[in-house]
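A.B. asks: Sequence plus the predicted model coming up.
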Amino acid sequence: MSEPTHPLLDIQNLTIEFPSERHGTPVRAVDDVNLVVGAGETVGLVGESGSGKTTLGRAVLGLTRPDTGRITFGGKAITHANTKQRRALSRYLQVVFQDPYSSLNPARTIGQTLSETLRVHRKLPRPETEERVVRMLEKVGLDRSAFARYPAHFSGGQRQRIAIARALIAEPKMVICDEPVSALDLSVQAQVLNLFRHLQDEFSLSYLFIAHDLAVVRFLSHRIVVLYRGRVMEQGPADTVYRRPLHPYTQALVAAAPVPDPEAQKKRREERRGFTTASAAAPASGPAGCPFSSRCPHVVDICHTTRPPMTIAPDDSFVACHRWSEINNLTAPVTREFATPRAEVA
Ligand SMILES: Nc1ncnc2c1ncn2[C@@H]1O[C@H](COP(=O)(O)OP(=O)(O)OP(=O)(O)O)[C@@H](O)[C@H]1O
């Protein structure tokens, strides 16, 4: 993986609420999130169902309107970009969604779909458009016969390759990948993840890679951001977060990650009895303290009453937990609010 060079996407203090019929008060899906993705960097956004990952990705794409906060892309504010500005932006900012079956128009050939996408962004003579489409299909591992075929002809993994080709045909700078391998078989997942990695190097791409599976995120990411109930719990270099998670929530996520050995998996399950990582309920707005306090095995009074500041931890990590140094037997450096944790970019 190539190293990041300079910031491309910058999200500051983003908060997004939805009206809730059930609670009467709004659901806060994203709560004061700061996140930076550098050029050529992959940031993995991880958290269980309902933690706000998709909402955050949709806000970057302009599909969901933020209540407060600021999003810049390539140095330009895009938080409230209008339709025309969004269309221009889509040349540089693309998306791959989870479901390869619903994301392609069944009535159009693959060649038509990709040519159309390319034509929106580049006015090229027809033969050149077709040649570019064929080259792109080859780059994602499909031969030129795919051009004239319809989506129904392809398997889930192949359709996801086509969706990736469509995202990359206009040579964007960044792709939001929203659970792009979750619907695929395990063996196909590995192939598609390898493809993402290979294409990143070839096109100097940045990815915001959204997934609930920490192992998947770790494979691709330079850095990992852990969300819970809309808040960033921890972020840092991918290996550090995975090997030595500091926040009790990240520790639970790592412990819950599937392991290939059934005996080891059974042992883990027994160890975390009563400490489930099952789907979070819709986040109600405004719990005063740590949103994880009701499930945390290390909880003390302050966790219920005071929001933990995002603090600097060792190895370029940041963690929002009152007790992270104590429960990990580490000496805390000077604890201070760190409003906008930024990518370590050269
Ligand atoms: N359009 C909407 N209207 C109301 N509530 C919404 C809407 N979209 C999302 N939510 C709520 O916002 C919260 C975050 O949802 P979101 O889909 O972003 O989470 P997620 O981490 O992507 O979950 P998953 O992995 O299941 O997709 C959830 O409580 C969800 O119910």
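C.D. replies: Sure, I can see it. Numbering: from 1, shown residues only.

A.B. asks: What parts of the stretch 1-150 of the chain come near the ligand?
C.D. replies: 18, 27, 29, 47, 49-55 (Cβ under 6 Å from any ligand atom). C-beta coordinates here come from the backbone N, C-alpha and C atoms, glycine included.

A.B. asks: Helices of this structure, start to end?
C.D. replies: 53-60, 83-89, 110-121, 126-139, 156-168, 186-203, 214-220, 238-243, 248-256, 262-271, 301-305, 324-327 (DSSP state H).

A.B. asks: Need the pLDDT of Ser187.
C.D. replies: If you check Ser187, the pLDDT there is 88.

A.B. asks: for it, what are its contacts?
C.D. replies: By Cβ atoms under 8 Å, 6 or more residues apart in numbering, the contact list for Ser187 is empty.

A.B. asks: start at 4 instead
C.D. replies: Sounds good: first residue 4 from here, last item Ser190.

A.B. asks: Gly72 reaches Val36, doesn't it?
C.D. replies: Yes. Between Gly72 and Val36 there is a contact at 7.5 Å, judged by Cβ atoms under 8 Å.

A.B. asks: Which one's more surrounded, the two?
C.D. replies: Val36 (23 against 17; other Cβ atoms under 10 Å).

A.B. asks: which residues sit in contact with the more buried one?
C.D. replies: 14, 16-18, 55, 59, 72, 230, 233-235.

A.B. asks: re earlier: which residues are in contact with each of Gly72 and Val36?
C.D. replies: 14, 16-18.

A.B. asks: Greatest separation within those: which pair is it?
C.D. replies: The span of those, defined through Cβ to Cβ, is set by Ile14 and Thr18 at 10.9 Å.

A.B. asks: what touches both of the two?
C.D. replies: Common contact partners of Ile14 and Thr18 (Cβ under 8 Å, 6+ apart): 36, 72.

A.B. asks: Settle it for me: which of those two has more neighbours?
C.D. replies: Legend: neighbour count by other Cβ under 10 Å for Ile14 and Thr18, higher for Ile14 (24 against 17).

A.B. asks: Worst mean pLDDT among the helices of the chain?
C.D. replies: The bottom spot among these, by mean pLDDT, belongs to helix 265-274, with a mean of 53.

A.B. asks: Narrow the residues of the stretch 4-153 of the chain next to the ligand to those that are buried.
C.D. replies: Buried members of those, scored by 16 or more other Cβ atoms under 10 Å, are 30, 32, 50, 53-58.

A.B. asks: Please work out how many residues are found near the closest residue to Gly239 other than its chain neighbours.
C.D. replies: Once flanking residues are discounted, Gly239 sits nearest to Ser320: 3.0 Å by Cβ to Cβ, 6 or more residues apart in numbering. By other Cβ under 10 Å, the residues close to Ser320 number 23.

A.B. asks: Ser158 now?
C.D. replies: 12.

A.B. asks: From Gln15, how far off is the residue nearest to Gly239?
C.D. replies: 20 Å (Cβ to Cβ, to the nearest Å).

A.B. asks: who wins for proximity to Cys180 among the helices of the chain?
C.D. replies: Here helix 189-206 is closest among those (Cβ to Cβ), at 7.0 Å.

A.B. asks: Please identify the buried residues of that closest one?
C.D. replies: 191-192, 195-196, 198-199, 202-203.

A.B. asks: For the residue nearest to Gly239, list each beta-bridge partner.
C.D. replies: Here Ser320 sits in beta bridges with Ala316, going by DSSP bridges.

A.B. asks: Looks like it contacts Gln238 (just checking).
C.D. replies: Yes. With contact defined as Cβ under 8 Å, Ser320 reaches Gln238; the gap is 6.9 Å.

A.B. asks: any common contacting residues for the two?
C.D. replies: By Cβ under 8 Å, 6+ apart, the residues touching both Ser320 and Gln238 are Val244.

A.B. asks: so what's Phe222 closest to, chain neighbours aside?
C.D. replies: Closest residue to Phe222 apart from its sequence neighbours, by Cβ to Cβ, 6+ apart: Leu196 at 5.6 Å.

A.B. asks: My read is that that neighbour contacts Val184, right?
C.D. replies: Yes. Between Leu196 and Val184 a contact is recorded at 6.1 Å, counting by Cβ under 8 Å.

A.B. asks: Report the set of residues contacting both of the two.
C.D. replies: By Cβ under 8 Å, 6+ apart, the residues touching both Leu196 and Val184 are Val219.
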